[in-house]
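> Whatever this is, show me its structure:
(one chain, ligands or ions: 1)
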Amino acid sequence: AALPAPNIEAVRAVQRQAMAQGAPGALTLIDDQATYYGVAGGKANTATGARMDTGRRFRIGSVTKTFSTVVLMQLVSEGLVNLDAPANTYLPTPLPSASITVRHLLSHRSGLYDYTNDMFYYTVPGFEAVRNKTFSFQELINKSTAHPLTMTPGSGYSYSNTNFVVIGQIIEHLTGKPVAEQYRQRIFEPLKLTNTSYVHPLTDIAGSASRGYLRPDDTTLPLVDSTEQTVSWAQSAGAIISSAEDLNTFFGALLSGALLPQSALRQMTTMVPVNADGSQSYGLGLRARKLSCGVTVYGHTGTVQGYYTWAFGSADGSRTMTSMANTSNNGTVNTTLGGTLEATFCGTAPT
Ligand SMILES: CC1(C)S[C@@H]2[C@H](NC(=O)CCCC[C@H](NC(=O)C[NH3+])C(=O)[O-])C(=O)N2[C@H]1C(=O)[O-]
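Numbering: from 1, shown residues only. This is a model prediction of the structure:
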């Protein structure tokens, strides 16, 4: 069934609300079968007053997890990985439990502790302590395995960045190549994502970029410009830089079946509910959200210092949307920004 037309005024209202709640700026780009709708407001740079526009590059945080999953699923399709084999089969250093499978990692069901809970307990000090640091995958995994598993592997859903750091280590161990090269050769170049890059451990965002602003835990303090960082604390779990146009192209290609064999895409979109009413679910490196109009959209969210991202598409990829607000540690803004899904795919105004 055809989707309702996007409600652009509702997108504008959501962005205005997000800015009233503390985001310096926001952008949304909708690709509706090659008809584009762009909405941007506020500032990309609060020091110079440069205005936000939909072409700005930004850090996408955990939307990176879907890119890592696509690379892994290509390796599955090439017969190099069995999703239900122990992850230890493909790792240089074994995880503490041999019953953790590759599928557990991709679906946040491994029980591996999320080391960022400790790392960012105090938001700005935690960020300042790591923003210029470089970690190996193993150093990050060791931070996790210093804690016991949070549950028996496979017994439930518990989101953990550690899972996708392990996925990055599997990709490098299996291919003998850096994840940066795998992203570039397998996704960025074939899809001509010219505004998407993985530059870890460099800290700059090249080209026309939005600056990002981290809100301190003491909200009476000014925002902290968090634009430059290595994102080494996340890497294959969160270090890609992209643009709204490129993320729409990526999710459109993925969901329309242009990136992976149908069998692999079906594995990714086999969802398990993660909330009580089943409106939110997780597959393999992919979120699904059932909207008020009955439409289910697939994509991922991202939270990295200074940037919130929502990047989703309709089941067949015919309509995609990416929204970004250039602040973080402000859950109200993130929830508000999520209202662009309803505006885009249901044509409804925020309640
Ligand atoms: C599950 C999430 C929300 S958290 C996970 C990942 N981002 C992180 O793990 C960063 C956490 C600290 C970020 C920081 N917050 C603090 O320091 C709080 N003390 C801030 O807001 O900038 C990502 O991205 N994912 C989001 C996702 O998948 O949507």
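> close to the ligand, is the strand or helix carrying residue 174?
Using DSSP states H and E, residue 174 falls within helix 161-175. Yes - counting by CB under 6 Å from any ligand atom, contacts between helix 161-175 and the ligand involve residue 161. All C-beta spots, glycine's among them, are computed from the backbone N, C-alpha and C.
> average pLDDT for that helix?
Per-residue pLDDT over helix 161-175 has a mean of 99.
> Could you do stretch 50-62 as well?
Here the mean pLDDT over stretch 50-62 is 98, rounded to a whole number.
> mind exporting it as CSV, just the C-alpha atoms?
Backbone C-alpha positions of stretch 50-62 (Å, rounded to 0.1, in the frame of the first residue of the first chain) are rendered in CSV as follows:
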residue,chain,number,x,y,z
ALA,A,50,26.8,29.3,10.3
ARG,A,51,23.4,27.9,9.5
MET,A,52,22.5,24.2,9.5
ASP,A,53,21.8,22.8,6.0
THR,A,54,20.8,19.3,4.9
GLY,A,55,24.2,18.7,3.2
ARG,A,56,26.2,18.9,6.4
ARG,A,57,28.4,15.8,7.4
PHE,A,58,28.2,14.5,10.9
ARG,A,59,29.2,11.6,13.2
ILE,A,60,26.5,8.8,12.9
GLY,A,61,27.3,6.9,16.1
SER,A,62,25.6,3.5,16.2
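> Tell me which stretches of the protein form strands.
With strands called from DSSP state E, the chain shows them at 25-32, 35-42, 57-59, 213-214, 224-225, 241-243, 272-273, 280-282, 287-290, 296-304, 307-314, 319-325, 327-328.
> Switch those over to CSV; also include distance to residue 80.
Converted to CSV, the strands of the chain look like this (distance: least, CB to CB, whole Å):
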stretch, distance to residue 80
strand 25-32, 32
strand 35-42, 38
strand 57-59, 30
strand 213-214, 39
strand 224-225, 42
strand 241-243, 26
strand 272-273, 25
strand 280-282, 24
strand 287-290, 26
strand 296-304, 24
strand 307-314, 27
strand 319-325, 29
strand 327-328, 36
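> Might you report the residue contacts of the residue positioned nearest the centre of the chain?
Nearest to the mean C-alpha position of the chain, counting by CA atoms, centre = their mean, stands residue 63 at 1.5 Å. Residues near residue 63 by CB atoms under 8 Å, 6 or more residues apart in numbering: 240, 242, 247, 299, 300, 301, 302, 309, 311.
> Nearest to the ligand among these?
Comparing the contacts of residue 63 against the ligand with CB to the nearest ligand atom places residue 301 closest, at 3.4 Å.
> what's the burial count for that closest one?
Burial of residue 301, expressed as a neighbour count using other CB atoms under 10 Å, amounts to 20.
> which ones are touching it?
Residues counted as contacts of residue 301 (CB under 8 Å, 6+ apart) are 61, 62, 63, 287, 308, 309, 310, 311, 334, 338.
> Same question for residue 232.
130, 133, 134, 135, 200, 201, 239.
> now, which of the residues you listed sits nearest residue 68?
Top of the list for closeness to residue 68, among the contacts of residue 232 and by CB to CB, is residue 239 at 10.1 Å.
> wait, that closest one sits on residue 203?
No - here residue 239 does not reach residue 203: they are 10.8 Å apart, not a contact under CB atoms under 8 Å.
> Spit out the residues that contact the two alike.
Common neighbours of residue 239 and residue 203, counting by CB under 8 Å, 6+ apart, are residue 230.
> what sits up against stretch 244-259?
With CB under 8 Å, 6+ apart as the test, stretch 244-259 has contacts from 27-31, 54-55, 60, 63, 66-67, 70, 187, 191-196, 242, 260, 265, 268, 298-299, 309, 311-318, 320-324.
> Cool, thanks, talk later.
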